[in-house]
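Visitor: Output the structure for:
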Amino acid sequence: MSAPQSGASFLPIAAMMFAAGLGIPVFASLNAGLNQQLGSPIAATAVTFGIGLVISTTVLAFVGFPSASDFTLDRPWLYGASVFMLFYATAIAFSAPRIGLGNAIFFVLTGQLIAAATIDHFGLLGAIQSSLTPKRILGIAVMAVGLYLARKPV
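Guide: The predicted model follows:
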């Protein structure tokens with residue numbers, strides 16, 4: 001991977017990721033509601049992914065499809081993203097109605113903090129390597145404590 005973006009090019013990316021962060025609990029709530037309607041977290045996730053497939057294929061029709069030669073198995077683990085997304089969508093659809101959306105997202109965010117710090121520290125999966133310094137560890141710990149304090153008790 002390339003070096004991190006800086007300056008003016010960083011702000012639009014940060015804004016996009018902030019918007020994505022806003023969308024995660026909305027997605028979780030909607031998928032959990034679909035689970036309750038359909039009576040199955042797997043069915044809810046299948047419907048969600050099916051609609052996503054139709055929308056993303058439609059967008060690709062306008063912006064252009066990758067060539068068939070781009071779909072290689074040189075790095076087969078990259079396709080594992082779909083397994084993780086499937087697990088997340090199904091787990092949140094199952095968990096949110098049972099422990100509350102806030103609690104479910106609390107555990108998701110705590111897991112994200114730990115995984116992101118580990119991936120960055122070791123430069124895993126092609127990520128930009130960024131060592132865990134005492135300052136970063138403190139920042140992550142403060143975020144984790146903040147998440148714990150913000151969660152709703154069951």
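Visitor: Can you point out the buried residues in the host helix or strand of Leu60?
Guide: Assigned by DSSP states H and E, Leu60 belongs to helix 41-63. Across helix 41-63, burial judged by 16 or more other CB atoms under 10 Å covers Pro41, Ala44, Thr45, Ala46, Val47, Thr48. Bear in mind the C-beta positions are built from the backbone N, C-alpha and C, glycine included.
Visitor: what number of residues lie near the spatially closest residue to the fifth one that is not a sequence neighbour?
Guide: Setting aside the residues directly before and after it, Val47 is nearest to Leu34 in space (CB to CB, 6 or more residues apart in numbering), at 6.2 Å. Counted with other CB atoms under 10 Å, residues neighbouring Leu34 total 18.
Visitor: From what I see, Leu34 and Thr48 are in contact.
Guide: Yes - taking CB atoms under 8 Å as the definition, Leu34 is a contact partner of Thr48 at 6.8 Å.
Visitor: Residue ranges in this structure under the pLDDT threshold?
Guide: Scanning the chain for pLDDT under 70 picks out 1-8, 152-154.
Visitor: can you give me the helices in it?
Guide: Here the chain has its helices, by DSSP state H, at 10-38, 41-63, 81-99, 101-122, 134-150.
Visitor: looking at those helices, which is closest to Leu73?
Guide: Counting by CB to CB, Leu73 lies closest to helix 81-99 out of the helices of the chain; the figure is 14.3 Å.
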